[in-house]
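Q: mind looking at a prediction? Sequence and model below.
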Protein chains: 4
Amino acid sequence: MKRIGVFTSGGDAPGMNACIRAAVRTALSRGLEVFGIYRGYQGMIEGDIVPMNSGDVSNIIQRGGTILKTARSDDFRTEQGRRKAAENLRKYGIEGLVCIGGDGSFKGASILYEEHGIKTIGAPGTIDNDLYGTDSTIGYDTAVNTVVQAVDKLRDTAASHNRLFIVEVMGRDAGFIALRSGIACGAEAILVPETPTYIDALIQKLRDGWNRQKHSSIVIVAEGDESGGAYEVAKAVKQNFDRYDVRVTVLGHIQRGGSPSAYDRVLASEMGYAAVEGLLDGKFNAMVGRQGREIVFVPFEKAIKHNKELNKHLLQIAATLSI
Amino acid sequence: MKRIGVFTSGGDAPGMNACIRAAVRTALSRGLEVFGIYRGYQGMIEGDIVPMNSGDVSNIIQRGGTILKTARSDDFRTEQGRRKAAENLRKYGIEGLVCIGGDGSFKGASILYEEHGIKTIGAPGTIDNDLYGTDSTIGYDTAVNTVVQAVDKLRDTAASHNRLFIVEVMGRDAGFIALRSGIACGAEAILVPETPTYIDALIQKLRDGWNRQKHSSIVIVAEGDESGGAYEVAKAVKQNFDRYDVRVTVLGHIQRGGSPSAYDRVLASEMGYAAVEGLLDGKFNAMVGRQGREIVFVPFEKAIKHNKELNKHLLQIAATLSI
Amino acid sequence: MKRIGVFTSGGDAPGMNACIRAAVRTALSRGLEVFGIYRGYQGMIEGDIVPMNSGDVSNIIQRGGTILKTARSDDFRTEQGRRKAAENLRKYGIEGLVCIGGDGSFKGASILYEEHGIKTIGAPGTIDNDLYGTDSTIGYDTAVNTVVQAVDKLRDTAASHNRLFIVEVMGRDAGFIALRSGIACGAEAILVPETPTYIDALIQKLRDGWNRQKHSSIVIVAEGDESGGAYEVAKAVKQNFDRYDVRVTVLGHIQRGGSPSAYDRVLASEMGYAAVEGLLDGKFNAMVGRQGREIVFVPFEKAIKHNKELNKHLLQIAATLSI
Amino acid sequence: MKRIGVFTSGGDAPGMNACIRAAVRTALSRGLEVFGIYRGYQGMIEGDIVPMNSGDVSNIIQRGGTILKTARSDDFRTEQGRRKAAENLRKYGIEGLVCIGGDGSFKGASILYEEHGIKTIGAPGTIDNDLYGTDSTIGYDTAVNTVVQAVDKLRDTAASHNRLFIVEVMGRDAGFIALRSGIACGAEAILVPETPTYIDALIQKLRDGWNRQKHSSIVIVAEGDESGGAYEVAKAVKQNFDRYDVRVTVLGHIQRGGSPSAYDRVLASEMGYAAVEGLLDGKFNAMVGRQGREIVFVPFEKAIKHNKELNKHLLQIAATLSI
């Protein structure tokens, strides 16, 4: 393998730049030539491909977003689009790809291999942490810190006004962001899609708290929770327990941005490094993952199809500490 | 005057604690006794009043919210409620009040003087900066910084995705937060209630930008803008110009919290100090304000009734720099 | 076991409060009575011991430092002092202790058990991460983030001036903070006590970089590095390669403070929870550790005597990515 | 005037990029051509001059440092160097300059006018705020916030350990950074060069505080204070009052970097805008200043030669509030 391509795909996540930097520099240090592919699969199809050297990734480790940009590609859903993408890669002599993205991106890479033999290794870049086979994805720690810092601010105002804040956080179908941020900001309740949400029990808990003079509270709701989100929860609470002044905050896209945390920068560096080492070592159709202290390679098939379980132990700790 | 009371009222704002600390310590240094009144006028009515010493305000200058809490008081809207409040103040021998809050709070103080002769001096504590007679209110600078930091994060993801973000910020009927934060984060457009909003012109500007390869943009909308807010603007843009992937973020209550900025801590310290000096100097029914380099006293009547104008010069700068 | 005590000891670390909160609330939820012991062993000797309930640990999870304070205790180094400490614990009926601190604190706990049968379980609270048996200590992630944010600021000014910054970070005899923060901020070189430091090689690297037009650089030096620290390194560089404008920054105690990161808050919560569960389960003279995904108990003897190794793989990654 | 040049000079300061952006875009909007001059006077001499358009200053408003870089220039101190600089400007047809920097930079501009008739307008860019004729310089507010955030972290550890921290801050010969940051972080004492420093009185104050159970304290020392800096103060305190565990922190160059505060971004935008308007209006050999609410033009001669006085009122407030 002499030439590889690097691209980011799907929703952006803080740390993607650190991963690009690591992949590019590791590849260069191994004597490879490296190409950056802009706007994910769409840029692959359009030939938006440029050579990258060490200086091109200078001073980006601390930046949110992705310098290679990312985009949805409807064209890539067509056989014709994928053929065009493969042709472009061949034109540049690109024999292997490092794809930084989530499950949709890895599915695309799998099809590209099946149809055209393009070998791709993945690095899990998503704030949602919803990929099987890795304890943590690139961007997850930063997103959790962003939530925690925002909720710290809400607590100031909650405590000053005796208010209840219902805070909706991202995570798609999963509760990873909600669970960790909920523990970290000392939320009185955390509602996640992985466990049944009983609004009655929540209201009883708030009532009990109020009677114990706990007059300000934070409830974290994952956007994928079956309650339907923060506004629905707020409505139900107001209807059944009117002592609190209830406010809703939907944190939204600030969770996707910002300078990556130290943890994400190191994780992204490790993963970008491992991705290139893996490619050179004959690994492909697989995602780099961290399991405990180990860096592992997880077949795309597993990473995509399996559901990652929420840490049960953390759920229990959350319940115990929020009394 | 031998005993004064200090309270916070209305929506909380970062820096209120710094102002409480300044008022308490200045009063103590002048030989006064100081009482903290909890939960604004409601606590005044309920007699939630405690003596404060220097140590009680230690280590609070950096905290958001207000240690004295704040609350709405329906009781205070009744003659009976106000009589009870005045009685409680007399019971404690409190001869003067420092009220940290906004226009509603100052109105209350005026009535309390008219009906019961209680002398109050105000310090403008509100993130909205909508009080006539002061260039800046306590909490405004912090709120603007909070918006700017959030929008910096959104820019990362906007730039990575070629997206347009419509960001709604607080400010009630006024555009002060929107204008300053819009300039500071380099927004492509700023919609404020003080000037007419032409959605057509906005769309044309976005279209022109797109044609000049400006593929990510930020539009700041004041919550009081006549367009009806960020969701309405987004709807109109989508209907008329579909190139952008448009996203809405409503920043919400995080704008009210957080550790106060250095600017707000110093301003709040100056104002808390001036409030007590003013009271001792026979000033009341007036708000402490900063005008240019001067600390001034503005009659409540003026501060409440006059509309503060948005800085026209800044509007012009915003228009010039967003090209 | 019906009554336990909780204390912090040694240097403070962000997340200690989160751990106190977790230990107190877990104990309460198990039906135990909990006492807070102020100022570590010194407070134990002086009887500075107070009962704690759930509300006492409200609103502390986000605060740096330790509400229980910490202090050196010369008295505890004497047999008489330790006897007094044990007597006080018995007086309060305290049968088990949760000690949040580092190796010195755990040594003290061991002696207290040997001499007086007091059962202690430890939670590793130190920014230095230098305890064997746990991948991460409470405070380490926050300290690394603090360093990274500071160095991000230095990079601005380094890049503007074509400067070389030599930055000294904490870590006592170990290079954990230096290594992770060095990777995370993309340092051009990282000097740690665990590996030999060749100043000549460093200078050659800087010279090579300069010739490749890399005109601003960051070198991270662990305070325990055998080079003697940042000032010594700067002196050597200046003497041998005079192109750079060399500046030294010793980050100092800001590394110990600040609101804990989400990671540290969750880790501290898990560890405080596990400590109490461990005590109830008959564990003592042992430290709670995290190894990979597992929470484990490591005998004090091992935690103290064994040297934790620096992650060799990270050293290699650092070398590769700093080209 | 058809072509202008923009450059930054002297020590870098957060907000310089915002000022560059404002100057460039204002000039373009007025139909001017704009050139960026790299590395200040040195780049002017070396002909490091490039045309700038609107896109070149996109996405820089939030970045610390200066994209145009800055450097000392020994060559510019020679007549020959300045002649070369003037020749280069003529070669590019540059008729006016916007210089963002401090007093040394403005002196250089004055000489360039005297000798070669080059018309320069200045924008005050320095964290030190030591320029006469403007209430605030670009970068000052950010530097003060950086100090305050650092000291907030130190307070955590000071309070946990009953420690006294002596913190040295920047400011060259002036105490502006020390005074504002000292008030904002509630320092127990602030030592500035503009007022006599009595170490005996400081020690007495610390002793009194200790006796009132104030067991942790922060003292801010301006680097230019006649005491000789933080280490000297610490030595004196230790010799005369040994109850405190005294620690020194020299904050150093982190004060120069970081993303500019909202205040500095707006101020820099106003000043960059005014500088270009001024040039077009025939103003030169003058600095843009903010005085109260007004943007003014101050002759270089005044700005450089006059000493800006420290706000006496703030000194008094600091003394009152630190009891």
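A: Received the coordinates, thanks. Numbers count the residues shown, from 1 in each chain, chains lettered A, B, ... in the order given.

Q: what number of residues lie near the residue of the stretch 201-323 of chain A found nearest chain B?
A: As assessed by CB to the nearest CB, chain B sits closest to A:Gly257 within the stretch 201-323 of chain A, at 3.2 Å. The way it works is simple: take the backbone N, C-alpha and C, and place the C-beta from them, glycine included. If you count neighbours by other CB atoms under 10 Å in any protein chain shown, A:Gly257 ends up with 29.

Q: tell me the secondary structure for the residue nearest to it when sequence neighbours are not counted?
A: Once flanking residues are discounted, A:Gly257 sits nearest to B:Lys153: 3.2 Å by CB to CB, 6 or more residues apart in numbering or on different chains. Secondary structure assignment for B:Lys153 (DSSP: H, G, I helix; E, B strand; the rest coil): helix.

Q: ok, the residue of chain A most remote from its centre to A:Gly96 distance?
A: Each residue of chain A has a distance to the centre, and by CA atoms, centre = their mean the biggest one is for A:Asn211: 38.7 Å. According to CB to CB, to the nearest Å, A:Asn211 stands 62 Å off from A:Gly96.

Q: then A:Arg180?
A: 34 Å.

Q: okay, those two: which has more neighbours?
A: Neighbour count, other CB under 10 Å: between A:Arg180 and A:Gly96, A:Arg180 has more, with 30 against 24.

Q: would you say the more buried one is within a helix?
A: Yes. The assignment for A:Arg180 (three-state DSSP) places it in a helix.

Q: surely it meets A:Leu314?
A: Yes. Counting by CB atoms under 8 Å, A:Arg180 does reach A:Leu314; the two are 7.3 Å apart.

Q: who touches both of these two?
A: Listed as contacting both A:Arg180 and A:Leu314 by CB atoms under 8 Å, 6 or more residues apart in numbering or on different chains are C:Val266.

Q: nearest spatial neighbour of the residue of chain A found nearest chain D, chain-adjacent residues omitted?
A: Residue nearest to chain D within chain A: A:Ser259 (9.0 Å; CB to the nearest CB). Once flanking residues are discounted, A:Ser259 sits nearest to A:Gln62: 5.2 Å by CB to CB, 6+ apart.

Q: circling back: where does the residue farthest from the centre of chain A land on pLDDT?
A: Looking at A:Asn211, its pLDDT is 90.

Q: for it, which residues are in contact?
A: Neighbour list for A:Asn211: empty [criterion: CB under 8 Å, 6+ apart].

Q: so which bits of the stretch 1-150 of chain A are right by chain B?
A: Within reach of chain B by CB under 8 Å from any CB of the partner chain, the stretch 1-150 of chain A has these residues: A:8, A:11-12, A:14, A:16, A:63-66, A:69-71, A:146, A:150.

Q: list just the nearest of those residues to B:Thr78.
A: B:Thr78 lies nearest to A:Ala150 out of the residues of the stretch 1-150 of chain A next to chain B, by CB to CB, at 38.1 Å.

Q: chain A: helices as residue ranges?
A: With DSSP state H as the criterion, chain A has helices at A:16-29, A:40-46, A:79-91, A:103-116, A:140-161, A:176-184, A:199-211, A:230-240, A:262-280, A:300-305, A:312-321.

Q: burial of A:Phe284, as a residue count?
A: Residues lying near A:Phe284 (other CB under 10 Å) number 20.

Q: was I right about it contacting A:Leu112?
A: No. In this structure, A:Phe284 is not within contact of A:Leu112 by CB under 8 Å, at 10.6 Å.

Q: what residues are shared contacts of these two?
A: A:Thr120.

Q: just the terminal-to-terminal distance for stretch A:277-289.
A: One end of stretch A:277-289 to the other measures 13 Å (CA to CA, to the nearest Å).

Q: next up, phi/psi of the residue of the stretch 201-323 of chain A closest to chain B, please.
A: Taking degrees, to the nearest 10, you get phi -110, psi -170 for the backbone angles of A:Gly257.

Q: which ones are touching it?
A: Contacts for A:Gly257 (CB under 8 Å, 6+ apart) come out as A:Asp12, A:Pro14, A:Gly64, A:Gly65, A:Thr146, B:Asp152, B:Lys153, B:Leu154, B:Arg155, B:Asp156, B:Thr157.

Q: quick one: buried ones out of the residues you listed?
A: A:Asp12, A:Pro14, A:Gly64, A:Gly65, A:Thr146, B:Asp152, B:Lys153, B:Leu154, B:Arg155, B:Asp156, B:Thr157 (16 or more other CB atoms under 10 Å in any protein chain shown).

Q: ok, of these, which one's closest to chain C?
A: Looking across the buried ones among the contacts of A:Gly257 and measuring by CB to the nearest CB, the closest to chain C is A:Thr146, at 9.0 Å.

Q: quick one: the closest one from A:Leu251, how far?
A: Distance, A:Thr146 to A:Leu251, by CB to CB: 8 Å.

Q: do stretch A:85-101 and chain C come into contact?
A: No. Stretch A:85-101 stays out of contact with chain C when judged by CB under 8 Å from any CB, the minimum separation being 14.5 Å.

Q: for that stretch, output the C-alpha coordinates as PDB.
A: What follows is stretch A:85-101, C-alpha atoms only, in PDB (Å, rounded to 0.1, in the frame of the first residue of the first chain):
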ATOM      1  CA  ALA A  85     -16.200   7.100  -6.300                       C
ATOM      2  CA  ALA A  86     -14.200   4.000  -6.900                       C
ATOM      3  CA  GLU A  87     -13.000   5.300 -10.200                       C
ATOM      4  CA  ASN A  88     -11.800   8.500  -8.600                       C
ATOM      5  CA  LEU A  89      -9.900   6.600  -5.900                       C
ATOM      6  CA  ARG A  90      -8.200   4.500  -8.600                       C
ATOM      7  CA  LYS A  91      -7.400   7.600 -10.600                       C
ATOM      8  CA  TYR A  92      -5.400   8.900  -7.600                       C
ATOM      9  CA  GLY A  93      -3.900   5.500  -6.900                       C
ATOM     10  CA  ILE A  94      -5.600   5.300  -3.500                       C
ATOM     11  CA  GLU A  95      -5.500   1.800  -2.200                       C
ATOM     12  CA  GLY A  96      -6.800   2.200   1.300                       C
ATOM     13  CA  LEU A  97      -9.100   4.500   3.200                       C
ATOM     14  CA  VAL A  98      -9.400   5.800   6.700                       C
ATOM     15  CA  CYS A  99     -13.000   6.700   7.300                       C
ATOM     16  CA  ILE A 100     -13.800   8.800  10.400                       C
ATOM     17  CA  GLY A 101     -17.500   8.600  11.100                       C
END
